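K.L.:
Make a model of this:
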Amino acid sequence: MALKYQKIAKKPKLFQKLTTLALQEFEILADKLQPEWETTEYRRKADRTDRKNAVGQGHPYFADFPTLLLLMVCYVKTGCGNLLLCLVFGIDERTLYDLLPKLLPLLQDRFVPNTILTSQGKRRKVRARIHSLDDLLKEYPELKSVIADGTDILTRRPKRRQKKNYSGKSKKHSKKTVLLVNSQDGLIVAKTKLRPASVHDKRVLEEDPLHKRLDAATDLEKRADSAWTGENPANGWLVNKKAVRGHPLTEIDKADNRKLSKIRIGVEHAIRRVKVFQRIGQKTTFRLKDRLDEVLNVAINLANFKQLMRHPITA
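P.N.:
Numbers count the residues shown, from 1 in each chain. Next up is the predicted model:
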């Protein structure tokens, strides 16, 4: 028997273990994405120049939209092979490969709020009252403090350029990105491009266009660990102090580091919420060039969606 949304929805606890989303959260997600899915599908079919039949007369998908969305969430949540996932849903691998480029874009950049880091430095007026999730993401309260940290995403050993993609710290092959998290609500507000594991965290951020927008926002506090030693405090950087030979940390420096670390732990929690989705948390095996970046964006958006649902924000 193939897995369908209507069947698994009768067991809410099992549903949450399978997807990390509560049943009510998944229903809200499906209601928000289904109109966009229907519009995108109609445009895609209508744009065909060799069409012989009217739009909608072709063979339908194997299931309704909630089941298709469930397939995508399970694809990101589980690290199992595509063949096993297709066996559970009663489809073949070709069907899954056809659905991925159609459904994954729906979950990318959907729940990342609009901030000065994503709008080329433009500030917006915040409305006094926000009535819906979409309004919140558009009229997101102005950022006051962000936390930066890098994270590794394990990959298979490449056939070429193995040294470039090898992390001497973790002793594994991986890709690296830096996440920026709002310290007040735990939402991931920005990320850098994926870089090889041999590149240092600080360099990953410095060579990304995001770093210029960060330095331009001098009123924004940027908190980071000692890996970011050397960032200009005049631009709002608060970095853990690091002892050097002959100059140990004083008790005041240690106390300041503890205070900063208690706030900075928020970015570690955010990374954990992303890596709960095992397609990213485990060793990745993507063959397509941009698929890793797509799935990472989906995991970040789903993590933000869960955070918004479980910890509502008011402007």
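
K.L.:
Mind jotting down where the strands sit in the chain?
P.N.:
In the chain, the segments counted as strands under DSSP state E are 145-154, 166-167, 172-182, 188-191, 195-196, 221-224, 237-239.

K.L.:
send the alpha carbons of the fourth one over as PDB?
P.N.:
So that's strand 188-191. The C-alpha trace of strand 188-191 is given here as PDB (Å, rounded to 0.1, in the frame of the first residue of the first chain):
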ATOM      1  CA  ILE A 188      17.700  32.400   9.900                       C
ATOM      2  CA  VAL A 189      17.700  35.700   8.000                       C
ATOM      3  CA  ALA A 190      20.600  35.100   5.500                       C
ATOM      4  CA  LYS A 191      23.300  32.600   4.400                       C
END
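
K.L.:
Would you give the sheet partners of that strand, along with the direction of each?
P.N.:
Looking at strand 188-191 with DSSP bridges, its partner strands are strand 172-182 (antiparallel).

K.L.:
can you redo the strands of the chain as a markdown table with mean neighbour count and distance to V295?
P.N.:
(C-beta placed from N, C-alpha, C; glycine too.) Listed next are the strands of the chain as a markdown table, based on neighbours: other Cβ atoms under 10 Å; distance: least, Cβ to Cβ, whole Å:
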| stretch | mean neighbour count | distance to V295 |
| --- | --- | --- |
| strand 145-154 | 21 | 10 |
| strand 166-167 | 17 | 20 |
| strand 172-182 | 22 | 12 |
| strand 188-191 | 22 | 13 |
| strand 195-196 | 20 | 17 |
| strand 221-224 | 21 | 26 |
| strand 237-239 | 19 | 31 |
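
K.L.:
can you list these in a markdown table and add distance to Q278 and mean pLDDT?
P.N.:
Listed next are these as a markdown table, based on distance: least, Cβ to Cβ, whole Å; pLDDT from 0 to 100:
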| stretch | distance to Q278 | mean pLDDT |
| --- | --- | --- |
| strand 145-154 | 11 | 92 |
| strand 166-167 | 20 | 88 |
| strand 172-182 | 15 | 93 |
| strand 188-191 | 18 | 91 |
| strand 195-196 | 22 | 92 |
| strand 221-224 | 27 | 90 |
| strand 237-239 | 32 | 89 |
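
K.L.:
CSV please, covering the ones you listed and showing distance to H311.
P.N.:
Output for the strands of the chain, formatted as CSV (distance: least, Cβ to Cβ, whole Å):
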stretch, distance to H311
strand 145-154, 16
strand 166-167, 33
strand 172-182, 12
strand 188-191, 13
strand 195-196, 31
strand 221-224, 20
strand 237-239, 24
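
K.L.:
Looking at these, spot the one closest to L205.
P.N.:
Minimum separation from L205 across these (Cβ to Cβ) falls at strand 172-182, 4.7 Å.

K.L.:
Taking strand 145-154 as reference, get the angle to that closest one.
P.N.:
On the basis of axes from the mean of the first three to the mean of the last three Cα atoms, to 10 degrees, strand 172-182 is oriented at 160 degrees to strand 145-154.

K.L.:
Only C-alpha atoms, please: export strand 172-182 in CSV.
P.N.:
The C-alpha atoms that make up strand 172-182 are tabulated as CSV, following Å, rounded to 0.1, in the frame of the first residue of the first chain:
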residue,chain,number,x,y,z
LYS,A,172,36.0,14.9,6.2
HIS,A,173,35.0,16.2,2.8
SER,A,174,32.3,18.8,3.0
LYS,A,175,30.9,22.1,1.8
LYS,A,176,30.7,25.2,4.1
THR,A,177,28.3,28.1,4.6
VAL,A,178,27.8,30.8,7.1
LEU,A,179,24.3,31.4,8.6
LEU,A,180,23.1,34.6,10.1
VAL,A,181,20.4,34.3,12.8
ASN,A,182,18.3,36.9,14.5
